[in-house]
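Visitor: missing the sequence, but the structure's below:
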């Protein structure tokens, strides 16, 4: 997505305007990918299976790799690198009350127990960019946070009950995002362009780092997988080329048979052509061997697919493909991507609309209209897409998917969230999932947006988000939650994590492309949320926060 840049207190924004792609009709036939298959029928395309352009292992641990004396080149060539949203968006908030808002606020039969918190990585004062695209994940002994354009590693302090009691920044961090690719060569080493994702693969006790390198062609995705449980150790490194197709807005999910990553693809960096769904050969990455990628692409009427990301240690039923969701202006759509590494084949099936989704209107029409006190500058809602992550959990009695996006309601913005489950007598692999519950959390006419949702091991759900209004609330951080015993479709006990001290001033509208909430793999209960805030009025002066809490109903 578009980033804005300021270097050494000088604002350098060069906006590139491009004509949005023509929106085509949806293709409901499965996209079947087979080596050499002719494009002979609708929804079918030849396989995109390829090797990495390069792979190796870091010659020394990340903790012993440092930034070189020269600064990296300006990220993405110093340009505004958003060639156009996948579809046209508005910048006015639709009127009317969301149909779920009136019955979606409850009084949970649980309470959030605050645990440890800390300020996270702030903007780099000598190479300022916006927004941070805040992402992070938690492991048994570490928390890793990555923002544009740096990442940090924290060791965790735990008490005798394994509650997280402290975050301790490892010496030498934060580091530039491309430090881990020193000596690798190519765009991954030379570029530090962001749109990062960090994931902890609890099935293998490994860390996965990825960002794109798009300051020039070939547009490249860079992926590093730790060789052990220490995120400051050595990494197996990979690069995947998309040539002249810009691989925008990458989103990663951990699944038993692959790492699944999705992109909005812009031909020649200009024309949106669809969302590309790729599977990375996880078992090869874990041992440092050459790891293929297998990709399928949707039509241009489908964008911003979110891959499912496994929560907990209970695996999906055997053979379950990766499950994906996307939204249109009126629907929540379901997809499956099944791969067979032995045969080198795969099938992407969708979109299938989820039945019973309540009507919604996107916050700001998908664009920029979120107000702040003391300034006419409004913020970007990014409400044209689902928010990261699509959290999957197998509870034993049911499979569950949890996700959110921002919707207009009562003159403000609320968090629309969903829990999907497998249809009765079916699995998510065999039948389209059904809505177990859905709600719109909008207890006031303030603007709530940039959410991230997750489920603990008991079925309790929490959503973290940003909140602002035009008069009294500068962009701040809050969360709301529910017990598994509460009435379906309700969230409550809105809790302030941090009161923002600053409004973002003209002419900077960008405010995050995503935030991230994760569940501690040690207890399956503690949730860790990270997002941005401003410590004072200004531009390019953001900071980030890391906050942990646990629902009292989760043992």
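Guide: Arrived safely, thanks for sending. Computed from a predicted structure; not experimentally measured.
Visitor: quick one: contacts of stretch 335-345?
Guide: 33-35, 47, 49, 257-258, 260, 277, 279, 281, 283, 292, 294, 296, 305, 307, 321-326, 346-352, 429 (CB atoms under 8 Å, 6 or more residues apart in numbering). Placement of C-beta: from N, CA and C, glycine included.
Visitor: could you rerun that using 6 Å?
Guide: Contact with stretch 335-345 is made by 34-35, 49, 277, 279, 294, 321-322, 324, 346-350, as judged by CB atoms under 6 Å, 6 or more residues apart in numbering.
Visitor: now stretch 484-501
Guide: 104-109, 112, 437-439, 441, 458-460, 474-480, 482, 533-536, 545, 547.
Visitor: buried residues in that stretch?
Guide: By neighbour count on 16 or more other CB atoms under 10 Å, the buried set for stretch 484-501 is 484, 486, 489, 490, 491, 492, 493, 494, 495, 497, 498, 500.
Visitor: please apply the same query to stretch 456-476.
Guide: By 16+ other CB under 10 Å, the buried positions in stretch 456-476 come out as 456-470, 473-476.
Visitor: just to be sure, which of those residues are found in strands?
Guide: Using DSSP state E, the members of the buried residues of stretch 456-476 that fall within strands are 461, 462, 463, 464, 465, 466, 467, 468, 476.
Visitor: what is the third one paired to in the beta sheet?
Guide: This points to residue 463. Using DSSP bridges, the beta-bridge partners of residue 463 come out as residue 453, residue 480.
Visitor: how many other residues sit next to residue 158?
Guide: By other CB atoms under 10 Å, 18 other residues sit near residue 158.
Visitor: list the contacts of it.
Guide: Residues counted as contacts of residue 158 (CB under 6 Å, 6+ apart) are residue 164.
Visitor: go again with 10 Å.
Guide: Contact analysis of residue 158 by CB atoms under 10 Å, 6 or more residues apart in numbering lists 115, 116, 140, 141, 164, 165, 166, 520, 522, 523, 526.
Visitor: which among the residues you listed end up buried?
Guide: 115, 116, 164, 520, 522, 523, 526.
Visitor: closest one of the residues you listed to residue 147?
Guide: Closest approach between these and residue 147, by CB to CB: residue 116, at 19.3 Å.
Visitor: distance of the closest one from residue 162?
Guide: Separation of residue 116 from residue 162 (CB to CB, to the nearest Å): 12 Å.
Visitor: joint contacts of the two?
Guide: In contact with both residue 116 and residue 162: 156, 526, using CB under 10 Å, 6+ apart.
Visitor: related to what we said a few turns ago, taking the contacts of residue 158 one by one, which sit in strands?
Guide: Assigned to strands by DSSP E, the following of the contacts of residue 158 qualify: 115, 116, 164, 165, 166.
Visitor: wait, the third one touches residue 522, no?
Guide: Spelled out, it's residue 164. Yes - the pair residue 164 / residue 522 is scored as a contact, 8.5 Å apart, by CB atoms under 10 Å.
Visitor: which neighbours do those two share?
Guide: Residues touching both residue 164 and residue 522 (CB under 10 Å, 6+ apart) are 138, 156, 158.
Visitor: check which residues of stretch 402-417 are buried.
Guide: The neighbour-count check on stretch 402-417 (16+ other CB under 10 Å) flags 402-410, 412-417 as buried.
Visitor: can you show me the helices along the chain?
Guide: Ranges of helices within the chain are 186-190, 282-285, based on DSSP state H.
Visitor: for those helices, could you give me TSV that also reports mean neighbour count and mean pLDDT?
Guide: Shown next, in TSV, are the helices of the chain (neighbours: other CB atoms under 10 Å; pLDDT from 0 to 100):
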stretch	mean neighbour count	mean pLDDT
helix 186-190	21	97
helix 282-285	20	98
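Visitor: mind putting these into CSV with distance to residue 171?
Guide: As requested, the helices of the chain are exported to CSV (distance: least, CB to CB, whole Å):
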stretch, distance to residue 171
helix 186-190, 24
helix 282-285, 28
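Visitor: right, so of those, which gets closest to residue 264?
Guide: helix 186-190 (18.8 Å).
Visitor: by contact count, what packs against that closest one?
Guide: Helix 186-190 sits against strand 54-57, strand 206-213, strand 220-226, strand 235-241, with contacts defined as 3 or more CB pairs under 10 Å, 6 or more residues apart in numbering; DSSP states H and E.
Visitor: make JSON lines from the ones you listed and add mean neighbour count to it.
Guide: Below are the helices and strands packed on helix 186-190 laid out as JSON lines (neighbours: other CB atoms under 10 Å):
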{"stretch": "strand 54-57", "mean neighbour count": "17"}
{"stretch": "strand 206-213", "mean neighbour count": "26"}
{"stretch": "strand 220-226", "mean neighbour count": "26"}
{"stretch": "strand 235-241", "mean neighbour count": "24"}
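Visitor: residue 387: which of those is closest?
Guide: Closest approach to residue 387 among these is made by strand 206-213 (18.3 Å; CB to CB).
Visitor: sheet-wise, list the partners of that closest one with their directions.
Guide: Strand pairing for strand 206-213, using DSSP bridges, gives strand 197-201 (antiparallel), strand 220-226 (antiparallel).
Visitor: which one of the ones you listed lies closest to residue 360?
Guide: Proximity to residue 360, assessed across the strands paired with strand 206-213 by CB to CB, is greatest for strand 197-201 (26.3 Å).
Visitor: just to revisit the earlier point, pull the most distant pair out of the ones in strands among the buried residues of stretch 456-476.
Guide: Checking these with CB to CB, the most distant pair is 461 and 468, at 23.3 Å.
Visitor: least confident secondary structure element in this structure?
Guide: Least confident helix or strand of the chain, by mean pLDDT, DSSP states H and E, is strand 10-12 with a mean of 36.
Visitor: now do the contacts for the most centrally placed residue in the chain.
Guide: Geometric centre of the chain, nearest residue: residue 388, 3.3 Å, by CA atoms, centre = their mean. Counting by CB under 10 Å, 6+ apart, residue 388 touches 133, 135, 197, 249, 251-253, 304, 306-307, 309, 403-404, 450-453, 513-517.
Visitor: residue contacts, the closest residue to residue 464 other than its chain neighbours?
Guide: Leaving aside its sequence neighbours, residue 464 sits nearest to residue 529 (CB to CB, 6 or more residues apart in numbering; 3.7 Å). Neighbour list for residue 529: 117, 134, 136, 451-452, 454, 462-465, 477-479, 497, 515-518, 545-549 [criterion: CB under 10 Å, 6+ apart].
Visitor: from residue 385, how far out is residue 529?
Guide: Residue 529 is 20 Å from residue 385, by CB to CB.
Visitor: which pLDDT value goes with the closest residue to residue 169 other than its chain neighbours?
Guide: Using CB to CB, 6+ apart and skipping residues adjacent in sequence, the residue nearest residue 169 is residue 154, 5.6 Å away. You'll see residue 154 listed with a pLDDT of 98.
Visitor: ok, residue 48 next?
Guide: 86.
Visitor: hmm, residue 346 and it touching each other?
Guide: Yes - here residue 48 reaches residue 346: they are 9.2 Å apart, a contact under CB under 10 Å.
Visitor: hmm, back to that, of the buried residues of stretch 484-501, which is the nearest to residue 123?
Guide: Nearest to residue 123 among these, with distances taken as CB to CB, is residue 500, at 14.9 Å.
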